[in-house]
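A.B. asks: Have a look at this prediction, sequence included:
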Amino acid sequence: MLAVVVHAGNIQDRDGAKLLFEKIKGKCPRLKLIWADGGYAGQLVNWVKTFCGWLLEIVKRKGNPHEFQVLP
């Protein structure tokens, strides 16, 4: 674990992720790739690339969305 940020429940997870990324920016010089589930898709991907210089890769589920799946 690199860092933890606890935020209010009325903040979307992808918006709260920005708080976390802002906290670890500059502290993890070897960090290049972050995997996240579909809840973090959208504008956050570009924000992470622009603001932090990292690649935020969204891992998509395959098959039945109602079955448990191990994702990378």
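C.D. replies: Happy to help now that I have it.
A.B. asks: what helices or strands is the lengthiest helix in the chain leaning on?
C.D. replies: Using DSSP state H, we find that the single longest helix of the chain is helix 13-24. Using 3 or more Cβ pairs under 8 Å, 6 or more residues apart in numbering; DSSP states H and E, the elements in contact with helix 13-24 are helix 43-52. No exception for glycine: its C-beta is placed from N, CA and C like everyone else's.
A.B. asks: Quick check: phi and psi on the most centrally placed residue in the chain?
C.D. replies: By Cα atoms, centre = their mean, the chain has its centre lying nearest to Ala36, at 4.7 Å. Main-chain torsions, Ala36, degrees, to the nearest 10: phi -150, psi 160.
A.B. asks: rewinding a little: now do the buried residues in the longest helix of the chain.
C.D. replies: By neighbour count on 16 or more other Cβ atoms under 10 Å, the buried set for helix 13-24 is Arg14, Gly16, Ala17, Lys18, Phe21.
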